[in-house]
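Asks: turn this into a structure:
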Amino acid sequence: ELFGPLHVLEAEWRKQGASEGEISMKAFDWDYVPVVWLGVKTGACTGIKPQILEDTPERTLAIDHMGRHTKLIKSSATIALPLDHPVSTPEDWERVKHWYTFDESRVDREALLRQRKDWERGILSMIEVPGAFDQPRQLMGEENACIACYEEPEMLEDMLNTFADTAVKVIERIADVVPLDCVHIHEDMAGKSGPLWGPNQIQEFFKPYYTRVWDAAQQAGAKLFSQDSDGDISPILDDLIECGINCIHPIEPVGGNDIVELRKKYGNKLSLKGGIDKHA
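Replies: Numbers count the residues shown, from 1 in each chain. Okay, here's the model as predicted:
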């Protein structure tokens, strides 16, 4: 319900006679909350202009905003996969670290002043911060991000400290203008067999980063710390809650998640969004 029908599904639904209301998902009895994404940037500001290298009916080859070569196979995907990554060594990280350091251009104060009026009308104010797993994965690739836990922990810690420094400074400037309701973080760090980082890595790497960001966000008024991760994250869910997470989605049934059992286990410690089989 967050995004509408996944790729290929829309055409299949149309063949089955779906109405436009069903295609847009408005025909279903979801609860919608109006949100405003605040005018700030907490992630990579690279200055790299994306470009298309090849576009055919079957695939798109491109260079993305991080300078990575990417490939999108149109028949089966909506997200292009990187073919290479900018960071392999600590020296590489030092070369791109400036993508994540703070400067005042990350905050659009005029936009925040306008969005203050939206918040006063009851619209939920949100920001997104880089994922503790997801952003190293974007920089290094999944396999190298996992190996780095053991071979380059100091580099990972420096990445996360840099992300946190910037996020906290951005949040402090938001708080001067408009209350913050929700911090969202994207991880997508699990599959059907479980998460790619375990409880030890959550405690070592996630917790210091998440705690700094969440402490600052709460000072700015935030009540929700929302994480997006596909797959089965049950082996690390207690640890994520300890880090401050209190909202999770999409709770994929295909990933082995049971939204009813999670409610029974966690009660009001955790708000839940999703629980819908995306293949249905």
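
Asks: so what's the residue nearest the centre of the chain bridging to?
Replies: Centroid-nearest residue in the chain: His186, 1.6 Å away (criterion: C-alpha atoms, centre = their mean). With DSSP bridges as the criterion, His186 is bridged to Asp228.

Asks: which residues does it contact?
Replies: Glu128, Gly131, Asp134, Gln227, Asp228 (C-beta atoms under 8 Å, 6 or more residues apart in numbering). C-betas here are computed from N, CA, C, even on glycine.

Asks: could you pull out the strands in this structure for me?
Replies: With DSSP state E as the criterion, the chain has strands at 35-37, 51-55, 59-63, 69-73, 81-82, 124-129, 182-186, 190-191, 194-195, 224-228, 247-249, 271-272.

Asks: now for the longest one, which elements pack on it?
Replies: In other words, strand 124-129. strand 35-37, helix 109-120, helix 153-175, strand 182-186 (3 or more C-beta pairs under 8 Å, 6 or more residues apart in numbering; DSSP states H and E).

Asks: ranking these by burial, who's on top?
Replies: strand 182-186 (a mean of 22; mean count of other C-beta atoms under 10 Å).

Asks: what mean pLDDT does that one have?
Replies: Across strand 182-186, the average pLDDT comes to 98.

Asks: that one: how far from the chain's middle?
Replies: 7 Å (C-alpha atoms, centre = their mean, to the nearest Å).

Asks: could you dump it to PDB, C-alpha only?
Replies: This file holds the C-alpha atoms of strand 182-186, laid out as PDB (Å, rounded to 0.1, in the frame of the first residue of the first chain):
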ATOM      1  CA  CYS A 182       9.300  11.300  12.400                       C
ATOM      2  CA  VAL A 183      12.800  10.100  11.500                       C
ATOM      3  CA  HIS A 184      12.800   7.500   8.700                       C
ATOM      4  CA  ILE A 185      15.800   5.200   8.000                       C
ATOM      5  CA  HIS A 186      16.100   2.800   5.100                       C
END
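
Asks: low-confidence ranges, the stretch 1-150 of the chain, go.
Replies: 1-4, 7 (pLDDT under 70).

Asks: could you pull out the helices for it?
Replies: Using DSSP state H, counting those that start in this stretch, the helices found in the stretch 1-150 of the chain span residues 9-15, 20-23, 90-96, 109-120, 134-140, 142-151.

Asks: Leu262 - nearest residue in space that isn't next to it in sequence?
Replies: Leu272 (6.1 Å; C-beta to C-beta, 6 or more residues apart in numbering).

Asks: what's the per-residue pLDDT of the one you found here?
Replies: Reported pLDDT for Leu272: 92.

Asks: quick one: contacts for it?
Replies: Cys247, Ile248, His249, Ile251, Ile259, Leu262, Arg263.

Asks: quick one: which of the residues you listed is nearest Asn200?
Replies: In terms of C-beta to C-beta, no member of the contacts of Leu272 lies closer to Asn200 than Ile248, at 20.4 Å.

Asks: isn't the closest one right up against Gly231?
Replies: No - counting by C-beta atoms under 8 Å, Ile248 does not reach Gly231; the two are 11.8 Å apart.

Asks: dump stretch 272-280 to CSV, restricted to CA.
Replies: Backbone C-alpha positions of stretch 272-280 (Å, rounded to 0.1, in the frame of the first residue of the first chain) are rendered in CSV as follows:
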residue,chain,number,x,y,z
LEU,A,272,3.7,-1.9,12.5
LYS,A,273,3.0,-1.0,8.8
GLY,A,274,2.5,-3.5,6.0
GLY,A,275,2.1,-7.3,6.6
ILE,A,276,0.9,-7.6,3.0
ASP,A,277,2.2,-10.3,0.6
LYS,A,278,3.7,-8.2,-2.2
HIS,A,279,3.4,-11.1,-4.6
ALA,A,280,-0.4,-11.4,-4.2
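
Asks: which stretches of the stretch 151-280 of the chain have low pLDDT?
Replies: Checking the stretch 151-280 of the chain against pLDDT under 70 turns up 280.
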